[in-house]
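K.L.:
with the input below, show me the fold.
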Amino acid sequence: MAKFIVFIGLALCIQVLTGCFRSANVPVARYKEAQRLVDLGTSQIRGGKFDQARASFSTAEELAGLAAAVDGQGCVALLQGEFERAEELFNRAYEMDRTYDQALANLALLQDIIGNRELARKLYREALVVLPDSASLRNNQVALEYDLGRPKIEVIHELEKAILIAKHPVVRGNLMGLGSVDERGLSVQPVASKAGFGSNQDAKVGGLKY
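P.N.:
Residues are numbered from 1 along each chain as shown. Model (predicted):
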């Protein structure tokens with residue numbers, strides 16, 4: 001069955017990576033510099049400068065041991081198809097700081113991309129408990145659920161909740177594809193047409209949006 005869901009993908013990864021606690025052993029000036037490098041690495045990912053981003057995140061980790069810096073390195077690895085390396089880094093980031101929930105969301109995304117669907121489903125659900133305000137996470141979770149056969153009307157309901165949180169263009173596009181809204185974002189009656197974007201897996205691998 002053709003799928004409508006477009007994968008937001010690494011939008012999860014490349015939001016500005018903040019929220020890590022500063023160790024008492026790290027001077028404030030060094031911590032601020034590490035945070036600056038994390039933000040710089042995020043910007044470099046957006047610009048496709050992966051080698052520079054990797055260097056920025058790596059230096060930030062050396063300066064202050066930030067989980068966000070390790071998570072950022074995982075995002076670079078994922079974008080470059082280094083899936084085992086990405087998994088290692090996301091796990092390490094989450095082990096370093098259990099309050100850094102973005103690493104859990106990125107682990108869910110990784111498992112989804114590589115086809116570990118049941119593990120991805122479990123991780124998405126865990127991530128949504130601690131990140132209920134993430135529209136991109138909600139979109140990616142419901143994309144997987146739709147691929148696994150969740151009824152269309154339930155998928156529309158979940159996407160409508162996501163777009164209330166943030167009017168993300170990919171979420172809006174998914175609702176349009178499912179016949180729930182028109183190009184102006186106005187609600188319409190869902191349609192039965194199945195003409196869509198092709199397989200969901202293809203969309204995930206080939207249509208990362210950030």
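
K.L.:
CA only for contacts and neighbour counts going forward, please
P.N.:
OK.

K.L.:
buried sites along the longest helix along the chain?
P.N.:
Using DSSP state H to define each element, the chain has its longest helix at helix 28-46. Judged by neighbour count using 16 or more other Cα atoms under 10 Å, the buried positions of helix 28-46 are 31-32, 34-46.

K.L.:
average model confidence for that helix?
P.N.:
Here helix 28-46 scores 92 as its mean pLDDT.

K.L.:
and for stretch 108-127?
P.N.:
Mean predicted confidence for stretch 108-127 is 94.

K.L.:
how far does it sit from its chain's centre?
P.N.:
How far stretch 108-127 lies from its chain's middle: 11 Å, per Cα atoms, centre = their mean, to the nearest Å.

K.L.:
with stretch 119-136 instead?
P.N.:
Relative to the chain's own centre, stretch 119-136 is displaced by 10 Å; criterion: Cα atoms, centre = their mean.

K.L.:
give the buried residues for it.
P.N.:
Using 16+ other Cα under 10 Å as the test for burial, stretch 119-136 gives 120-121, 123-125, 127-128, 131, 134-136.

K.L.:
still on that earlier bit, tabulate the CA atom coordinates of the longest helix of the chain in PDB.
P.N.:
Output of helix 28-46 as PDB, limited to C-alpha atoms (Å, rounded to 0.1, in the frame of the first residue of the first chain):
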ATOM      1  CA  VAL A  28      32.000  28.400  33.300                       C
ATOM      2  CA  ALA A  29      34.000  29.900  30.400                       C
ATOM      3  CA  ARG A  30      35.000  26.500  29.000                       C
ATOM      4  CA  TYR A  31      31.400  25.300  29.300                       C
ATOM      5  CA  LYS A  32      30.100  28.400  27.400                       C
ATOM      6  CA  GLU A  33      32.700  27.800  24.700                       C
ATOM      7  CA  ALA A  34      31.600  24.200  24.400                       C
ATOM      8  CA  GLN A  35      28.000  25.300  24.000                       C
ATOM      9  CA  ARG A  36      29.000  27.700  21.300                       C
ATOM     10  CA  LEU A  37      30.800  24.900  19.500                       C
ATOM     11  CA  VAL A  38      27.700  22.700  19.700                       C
ATOM     12  CA  ASP A  39      25.600  25.500  18.200                       C
ATOM     13  CA  LEU A  40      28.200  26.000  15.500                       C
ATOM     14  CA  GLY A  41      28.200  22.300  14.700                       C
ATOM     15  CA  THR A  42      24.500  22.300  14.400                       C
ATOM     16  CA  SER A  43      24.700  25.200  11.900                       C
ATOM     17  CA  GLN A  44      27.400  23.400  10.000                       C
ATOM     18  CA  ILE A  45      25.300  20.300   9.700                       C
ATOM     19  CA  ARG A  46      22.500  22.400   8.200                       C
END
